[in-house]
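1. Pasting a predicted model and its sequence here:
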Amino acid sequence: MQTTTANKSVFDVKDLNLWYGSFHALINLNFSMYKNEVTAIIGPSGCGKSTFVKTLNLMVNMIPNVHMSGEINYNDKNILNKKIDLVELRKQIGMIFQKGNPFPQSIYDNVAYGPRIHGIKKKKQLDEIVEESLKDVALWDEVKDRLQSAALGLSGGQQQRLCIARALATKPEVVLMDEPTSALDPISTLKIEELITKLKEKYTIVIVTHNMQQAARISDKTAFFLNGEVVEFSDTNQLFSNPSDKRTEDYITGRFG
Ligand SMILES: Nc1ncnc2c1ncn2[C@@H]1O[C@H](COP(=O)(O)OP(=O)(O)OP(=O)(O)O)[C@@H](O)[C@H]1O
């Protein structure tokens, strides 16, 4: 596993195992994710990609019969080992899903939702957060004159950018994205990819994608998952141009998956 980076690690995963009941879904994972980088998680269907990203903010804890061993060190603290404040953890680690899932409320209220939960009540402060978050996702100019309109009236691509703005509004350090563009058309996909490249200046991003061209375009590091294991983790250029494992080569050249 070859990587080069000057950045500090945000997550260090050590000997991570996860079982759904008796099914061993993640097997001895060991790799790190670095500050202000995009880490792509690739691999065929059912190999554990979604499960893995849901461990990073302990969303897997909501699933019955899950148990884990090993360590997930987030900023040097093992979140599997401590009495973790889940509300605070999820404030720091936002998550975006495959389909934009705005609440059936106004555009403004969607973005203000998280800050309000965390106790911000003053209108002026909320206004500023809403504007900044919408600017961060390049949606402000498109919606600034209709902030009180229903979020569900936006296009699919706009809804996904709104959901990213909603995640950014609580000022997270990390944004997890689980196939954020798989339900979008090529133009909306391109916009989200450009956005991700811009967002990494401020945030650390971990993205699950089925799209290998997308991983190659936007990520700094890539982890190739297969049957619950990480077969290869390295700099994205290295992994796609000169993979060290035959299984990685077979996958990226389309021989399976
Ligand atoms: N709640 C659950 N209970 C039991 N098994 C599960 C559960 N969620 C996922 N699994 C199993 O764990 C394995 C990994 O699933 P996961 O969804 O993480 O894969 P994935 O790589 O994200 O797949 P895809 O690309 O199809 O979304 C699969 O065999 C799946 O059936």
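-> Received, thanks. Since this is a predicted model, take the numbers as computed values, not measurements.
2. Now do Leu154 against Pro102, distance only.
-> With distances taken as Cβ to Cβ, to the nearest Å, Leu154 is found 7 Å from Pro102. Where you see a C-beta, it was placed from the backbone N, CA and C, and this is true even at glycine.
3. and if you look at Leu89?
-> Using Cβ to Cβ, Leu89 is found at 23 Å from Pro102.
4. what about these two, which has more around it?
-> Pro102 (23 against 16; other Cβ atoms under 10 Å).
5. What's the per-residue pLDDT of the one residue sitting closest to the centre of the chain here?
-> Compute the mean C-alpha point of the chain, and by Cα atoms, centre = their mean the closest residue is Leu176, 1.6 Å away. With respect to pLDDT, Leu176 has a value of 97.
6. again with the one 4 residues further on
-> What the model reports for Pro180 is a pLDDT of 93.
7. now the one 4 residues further on
-> At Leu184 the predicted local confidence, pLDDT, stands at 88.
8. Next, count neighbours for it.
-> Leu184 is flanked by 20 other residues according to other Cβ under 10 Å.
9. cool, and Tyr113?
-> Using other Cβ under 10 Å, Tyr113 has 16 neighbouring residues.
10. what distance separates the host helix or strand of it from the middle of the whole chain?
-> Using DSSP states H and E, Tyr113 sits in helix 107-117. From the chain centre to the centre of helix 107-117 is a distance of 20 Å (Cα atoms, centre = their mean, to the nearest Å).
11. what helices or strands is the helix or strand just after it leaning on?
-> As assigned by DSSP H and E, the chain's next helix or strand after helix 107-117 is helix 123-136. Judged by 3 or more Cβ pairs under 8 Å, 6 or more residues apart in numbering; DSSP states H and E, the packing partners of helix 123-136 are helix 107-117, helix 140-143, helix 156-168.
12. Which elements pack onto the following helix or strand past the longest one?
-> Moving toward the C-terminus from helix 156-168, the next helix or strand (DSSP H and E) is strand 174-178. Packing partners of strand 174-178 (3+ Cβ pairs under 8 Å, 6+ apart): helix 49-56, strand 93-96, helix 156-168, strand 204-208.
13. Please report how far Val231 lies from Asn28.
-> For Val231, the distance to Asn28 equals 12 Å [Cβ to Cβ].
14. ugh, wrong one, I meant His118
-> The gap separating His118 from Asn28 is 36 Å, by Cβ to Cβ.
15. ok so, going back, list the contacts of the helix holding Tyr113.
-> With contact meaning Cβ atoms under 8 Å, 6 or more residues apart in numbering, helix 107-117 is reached by 91, 102-103, 105, 125-126, 129-130, 133-134, 143, 146-151, 154, 162-163, 165-167, 169-170.
16. sorry, back to before: CSV for the helices and strands packed on strand 174-178, including mean pLDDT and distance to the ligand?
-> Converted to CSV, the helices and strands packed on strand 174-178 look like this (pLDDT from 0 to 100; distance: least, Cβ to the nearest ligand atom, whole Å):
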stretch, mean pLDDT, distance to the ligand
helix 49-56, 97, 3
strand 93-96, 94, 14
helix 156-168, 94, 17
strand 204-208, 98, 6
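17. Dump those to JSON lines, plus distance to Met68.
-> Putting the helices and strands packed on strand 174-178 into JSON lines (distance: least, Cβ to Cβ, whole Å) gives the following:
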{"stretch": "helix 49-56", "distance to Met68": "7"}
{"stretch": "strand 93-96", "distance to Met68": "16"}
{"stretch": "helix 156-168", "distance to Met68": "24"}
{"stretch": "strand 204-208", "distance to Met68": "17"}
